[in-house]
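Asker: Just a sequence and a predicted model for now, questions to come.
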Protein chains: 2
Amino acid sequence: MVIGVVGLGLIGGSMAIDLKRRGFASKVLGVESEPVNAEAALRIGLCDELVSFEDCVRRSDIVVIAVPVGTAVKMLPQVLDIFSEEGNAGKIVIDTCSTKSQIVRVAHYHQMRGRFVATHPMAGTEYSGPWAAMPNLFDGRACIFANSEESDPQALRVVEELYDALNMRPIYMNADNHDVHTAYVSHISHVTSFALALTVLEKEQDEKHIFDLASGGFSSTVRLAKSSSDMWVPILTQNRDNVLRVIDTYLEKMRQFRDAIADYDESRIDELIREANRIKKIIR
Amino acid sequence: MVIGVVGLGLIGGSMAIDLKRRGFASKVLGVESEPVNAEAALRIGLCDELVSFEDCVRRSDIVVIAVPVGTAVKMLPQVLDIFSEEGNAGKIVIDTCSTKSQIVRVAHYHQMRGRFVATHPMAGTEYSGPWAAMPNLFDGRACIFANSEESDPQALRVVEELYDALNMRPIYMNADNHDVHTAYVSHISHVTSFALALTVLEKEQDEKHIFDLASGGFSSTVRLAKSSSDMWVPILTQNRDNVLRVIDTYLEKMRQFRDAIADYDESRIDELIREANRIKKIIR
């Protein structure tokens, strides 16, 4: 099968690597708008050929949209429009967006809606670009299929096989629910890491000290603050309402801690920490 | 050299393991007030012998206080009192507290102050108790020596050798500065993780969904929320003023994010994220 990957960054590049070496893709066509990234992707071997967006859609059996979510919602209708042309009706397009409500909405009334399968492979690192792509990134992780009842059963089956080749566990979910859940287990983590980084950077003029004293705990809490604004600005604005609701709950919890510490209220701090410790049951 | 370790948990137990197997300690005497932990420590082999607190101080060349910081500030003067007795003047005591201002203050006017070396080996995990102890925990990490000019040069030298055996990099620092810095690079990370855990736990009644959707990013950001209240309640109250100041800066940064997202202000979100990305220069 010919796989066309639009956006050869962390997600698109990593998918390309594993789909090719595991035999799911006979050929990978790549689209990359950044010239520097394009050259790197070709040199690293993420795709067999660099092509234009139109060529990619016309020549691929499955098109993978792996660009920031703001661009993805503009790109998807263009792909479906090309699918409407004669001879292209059997093609499939998937997205990999971290927000799903808006992308399913832009495709909802398109005559080719059935050929679109909305997915969110939940894997990644804080790095981006073709250099960040790696084999085995998706193994064992969850992949969300959003509003899969709107996709043609045949298209859905093929995309399930694609993610099976990536060793991902499928989870089926409504797009709006997806966006609520990811606000809690992904988007807020990024905002808190960004805010933590800003806090420390503002204070510590003498960076030597941060570097020396920062332990593993700090590094892991602040790790996501390395994430790119290209990816996160559109996620945070697309999922604005959910993210705001989570931030407000979070700010309330922070204030409870602040007040308990300000009052030297040891039993209240103890209570809050013991309650937070329940996360042990959920996170391995 | 006989090393007496008071508190055979993550820190004390891990020190005992490496000091013994690397030949710095000829014998390790252990003190553990929790009967279950005491039995486990002996079974795991963290110490050669379990003894009483008084026996430990009298029979050891170096006493390591590795208990929560609230207990440590009460225990240190008792150790120094025993050092005042005839024949004990050559002994040394160190602490491993994550807050340093209060522990150096309680010892400041003691006649045996010179025999105390205030240290903070900056290593750990989110787990606690004798089961959490492990070899090589300290290798390559930083160890703070606080107010080392108040220690006898001979005692300081011996303790430097002890931490050298643990492969730690010594950093010399004023106790008050230490507490400001650790508020930024350690204590705030724990508070933000606790608050994040509380936020998610409150919302998600259906824990299955968190488990399924939580990606590596969330796990690393919330990891510290598994930390024990026994350890963290006294740290947060002892370092109250510094921690409050950091929390307030942090809340301000969170509010900047919140406002930018609420206003769909993409250029402001972009600016905040790019600023936060500067953490890359500091955290490997």
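Answerer: Ah, there it is.

Asker: Provide the secondary structure category for A:I3.
Answerer: strand (DSSP: H, G, I helix; E, B strand; the rest coil).

Asker: correct me, but it touches A:F24?
Answerer: Yes - A:I3 is in contact with A:F24 according to CB atoms under 8 Å; the separation is 7.5 Å. In short, each C-beta sits where N, CA and C put it, glycine included.

Asker: who has more neighbours, these two?
Answerer: Applying other CB atoms under 10 Å in any protein chain shown to A:I3 and A:F24 shows that A:I3 carries more neighbours, namely 24 against 18.

Asker: ok now do the more buried one, which residues does it touch?
Answerer: By CB atoms under 8 Å, 6 or more residues apart in numbering or on different chains, the residues touching A:I3 are A:A16, A:L19, A:K20, A:F24, A:A25, A:K27, A:V28, A:L29, A:S60, A:D61, A:I62, A:V64.

Asker: For the stretch 151-284 of chain A, which segments count as strands?
Answerer: A:169-173 (DSSP state E, counting those that start in this stretch).

Asker: Report the residue spans of it with pLDDT below the cut-off.
Answerer: A:204-211, A:284 (pLDDT under 70).

Asker: gap between the top helix by length along chain A and the chain center?
Answerer: When chain A is parsed with DSSP state H, its longest helix is helix A:240-262. Chain-centre distance of helix A:240-262: 25 Å, with CA atoms, centre = their mean, to the nearest Å.

Asker: Could you do stretch A:228-240 as well?
Answerer: That offset, for stretch A:228-240, works out to 11 Å (CA atoms, centre = their mean).

Asker: Show residues contacting it.
Answerer: Outside stretch A:228-240, the residues touching it (CB under 8 Å, 6+ apart) are A:68-71, A:73, A:98-99, A:101-102, A:128, A:179, A:182-183, A:187, A:190-191, A:243, B:261-262, B:264, B:266, B:269-270, B:273-274, B:277.

Asker: rewinding a little: what are the buried residues along the longest helix of chain A?
Answerer: Using 16 or more other CB atoms under 10 Å in any protein chain shown as the test for burial, helix A:240-262 gives A:240, A:242-243, A:246-247, A:249-251, A:253-254, A:256-258, A:260-261.

Asker: Using PDB, list the CA coordinates for it.
Answerer: Below are the C-alpha coordinates for helix A:240-262, written out as PDB (Å, rounded to 0.1, in the frame of the first residue of the first chain):
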ATOM      1  CA  ARG A 240     -10.200  26.500  24.700                       C
ATOM      2  CA  ASP A 241     -13.400  25.800  26.700                       C
ATOM      3  CA  ASN A 242     -12.300  22.400  28.100                       C
ATOM      4  CA  VAL A 243      -8.800  23.700  28.900                       C
ATOM      5  CA  LEU A 244     -10.100  26.700  30.700                       C
ATOM      6  CA  ARG A 245     -12.400  24.600  32.800                       C
ATOM      7  CA  VAL A 246      -9.500  22.300  33.800                       C
ATOM      8  CA  ILE A 247      -7.200  25.300  34.500                       C
ATOM      9  CA  ASP A 248      -9.800  26.800  36.800                       C
ATOM     10  CA  THR A 249     -10.100  23.600  38.800                       C
ATOM     11  CA  TYR A 250      -6.400  23.300  38.900                       C
ATOM     12  CA  LEU A 251      -6.000  26.900  40.100                       C
ATOM     13  CA  GLU A 252      -8.500  26.100  42.900                       C
ATOM     14  CA  LYS A 253      -6.400  23.100  44.000                       C
ATOM     15  CA  MET A 254      -3.300  25.200  44.000                       C
ATOM     16  CA  ARG A 255      -5.000  27.800  46.100                       C
ATOM     17  CA  GLN A 256      -6.000  25.100  48.600                       C
ATOM     18  CA  PHE A 257      -2.400  24.100  48.900                       C
ATOM     19  CA  ARG A 258      -1.300  27.700  49.200                       C
ATOM     20  CA  ASP A 259      -3.700  28.500  52.000                       C
ATOM     21  CA  ALA A 260      -2.900  25.300  53.900                       C
ATOM     22  CA  ILE A 261       0.900  26.100  53.700                       C
ATOM     23  CA  ALA A 262       0.300  29.800  54.600                       C
END
